[in-house]
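Visitor: how would this look folded up:
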Amino acid sequence: MDKQLGYKAAPDTVLHADHQAEVGSAVQADVPSEPATWKDYFALTKPGIIFSNLITAFGGFWIASAGNFTIDWFFLMIFTLVGTALVMASGTVLNNYLDRDMDAKMERTKKRATVSGKIKPSVVLGYGIILGIAGIALLFVAVNPLSSLLGLTGLFLYVWVYTAIFKRTSVWSTFAGSFSGAVPPVIGYCAVSGKLDMTALILFLIMFLWQPPHFWALGIRRKEEYRAAGYPLLPVVKGNYVTKVSMMRYIVLLVPVSQLLFFYSGDAHVGPLYFFAATIMGLIWAFMCYKGFKAKDDDKWAKGMFIYSVNYLTLLFLIMVVDSTIMNL
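Guide: Below is the predicted model:
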């Protein structure tokens, strides 16, 4: 990544009258505007993010199973996915709690319950803590201590290192956040294997390398919103061209790293279907990124990159599951 520029952090304040003038309908986060519903609490967990990450956790769990499917395996899978989902929900809720003042300044986030006042900050904080304790405890008791430790580590990195520190102060925030985002497939894998090995490392690296170009595509589209909110995101600090160069670096590196799973999968047994799919999908993504240097409409290009990144990750892990199943027949 290019050399970090100094950037003044946005003030961590609650909303007052002068801020309300900037955000229109936003009100003080600690003043309820109307009763919250279960949908508001559910939305705080960012279910779309949880679902996408659960696919990767399931993929890691499945390839570690190597075709050994029993009733105990089924319950282990349920406990693993539920525990992982609870930990991720805790992270996203606490993220909403910490970011509520910044969210009020962005069109995309200013209607969240933490900004509108539907849910008091103290309630959001307690909600997030309870979810985290429940998820980590479930992983520890029903899965194994290693998976629980991984969940706790990922939660700490996401809430404290990424959200509370880097997100407001550094252009390296996306890099820092990628560590926590790479944990779900490792939790799934270690739930079965009970160990950290080469396969676990490769799964981690796949997710780690996928995240920056995925998030920067969104960052380019929402650059002015992030700028107004005071986030030192790479497109804001360095501009679109440097961001595209950085995206290309990650995507190009992702291609051979994703291929490594074919060569070092151990008992996972992913075969040629996965290898060729990972290669082709990665090269397509790299070509799309290359086209961005000639794009006349960066917003349209970034939207396509963002959509493809989501489809890439989903297909990669689904093909991983399918190919592992075929290889273990």
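Visitor: got the CA coordinates for the strand or helix carrying I55 in CSV?
Guide: I55 is part of helix 47-65, with elements assigned from DSSP states H and E. Taking Å, rounded to 0.1, in the frame of the first residue of the first chain, the C-alpha atoms of helix 47-65 are listed here in CSV:
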residue,chain,number,x,y,z
PRO,A,47,-27.4,-9.3,8.5
GLY,A,48,-26.1,-9.0,4.9
ILE,A,49,-22.5,-8.9,6.2
ILE,A,50,-23.1,-11.8,8.6
PHE,A,51,-24.7,-13.9,5.8
SER,A,52,-21.7,-13.4,3.5
ASN,A,53,-19.2,-14.2,6.2
LEU,A,54,-21.2,-17.3,7.3
ILE,A,55,-20.8,-18.7,3.7
THR,A,56,-17.0,-18.5,4.2
ALA,A,57,-17.3,-20.0,7.7
PHE,A,58,-19.4,-22.8,6.3
GLY,A,59,-16.8,-23.3,3.5
GLY,A,60,-14.0,-23.7,6.0
PHE,A,61,-16.1,-26.1,8.1
TRP,A,62,-17.0,-28.2,5.1
ILE,A,63,-13.6,-28.8,3.6
ALA,A,64,-12.2,-29.7,7.0
SER,A,65,-14.9,-32.3,7.4
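Visitor: next, the buried residues of that helix.
Guide: 50, 52-65 (16 or more other Cβ atoms under 10 Å). No exception for glycine: its C-beta is placed from N, CA and C like everyone else's.
Visitor: kindly report the same for stretch 135-143.
Guide: 135-136, 138-140, 142-143.
Visitor: one more: stretch 274-289?
Guide: Within stretch 274-289, judged by 16+ other Cβ under 10 Å, the buried ones are 274-275, 277-278, 281-282, 285-286, 288-289.
Visitor: returning to what we had before: and the helix holding I55, average pLDDT?
Guide: Confidence over helix 47-65, taken as the mean pLDDT, stands at 95.
Visitor: stretch 160-169 too?
Guide: 93.
Visitor: what distance separates the start and the end of that stretch?
Guide: As for stretch 160-169, its first-to-last residue distance stands at 13 Å under the measure Cα to Cα, to the nearest Å.
Visitor: just checking, what packs against the biggest helix by length in the chain?
Guide: The single longest helix within the chain, with elements called by DSSP state H, is helix 298-327. Packing partners of helix 298-327 (3 or more Cβ pairs under 8 Å, 6 or more residues apart in numbering; DSSP states H and E): helix 47-65, helix 198-221, helix 240-263, helix 272-291.
Visitor: closest to N95 out of the ones you listed?
Guide: In terms of Cβ to Cβ, the element of those nearest to N95 is helix 47-65, at 9.7 Å.
Visitor: okay, the angle between whatever helix or strand comes next after that closest one and helix 47-65?
Guide: Next along the chain after helix 47-65, taking DSSP H and E as the criterion, comes helix 71-98. Comparing the axes of helix 71-98 and helix 47-65 via axes from the mean of the first three to the mean of the last three Cα atoms, to 10 degrees yields an angle of 150 degrees.
Visitor: just the CA coordinates for whichever helix or strand comes after helix 71-98, please, in CSV.
Guide: Going down the chain from helix 71-98, the next helix or strand is helix 100-103, by DSSP H and E. C-alpha atoms of helix 100-103 as CSV (Å, rounded to 0.1, in the frame of the first residue of the first chain):
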residue,chain,number,x,y,z
ARG,A,100,-23.1,6.7,15.5
ASP,A,101,-21.8,10.2,15.4
MET,A,102,-20.0,9.6,12.1
ASP,A,103,-23.0,7.7,10.6
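Visitor: immediately after helix 100-103, which helix or strand?
Guide: Taking DSSP H and E, what comes next after helix 100-103 is helix 113-116.
Visitor: for that following helix, packing partners?
Guide: helix 38-44, helix 100-103, helix 121-138.
Visitor: pLDDT on that helix, on average?
Guide: Rounded mean pLDDT across helix 113-116 is 86.
Visitor: phi, psi of V270?
Guide: Per-residue torsions, V270: phi -80, psi 140 (degrees, to the nearest 10).
Visitor: which residue is the nearest non-sequential neighbour of it?
Guide: Closest residue in space to V270, ignoring its immediate chain neighbours: D323 at 5.0 Å, by Cβ to Cβ, 6 or more residues apart in numbering.
Visitor: residues making contact with stretch 253-260?
Guide: 202, 205-206, 209-210, 275, 278-279, 282-283, 285-286, 316 (Cβ atoms under 8 Å, 6 or more residues apart in numbering).
Visitor: from F263, how far out is the nearest residue to G282 once chain neighbours are set aside?
Guide: Among residues not flanking G282 along the chain, V255 sits closest, at 3.8 Å (Cβ to Cβ, 6+ apart). Separation of V255 from F263 (Cβ to Cβ, to the nearest Å): 14 Å.
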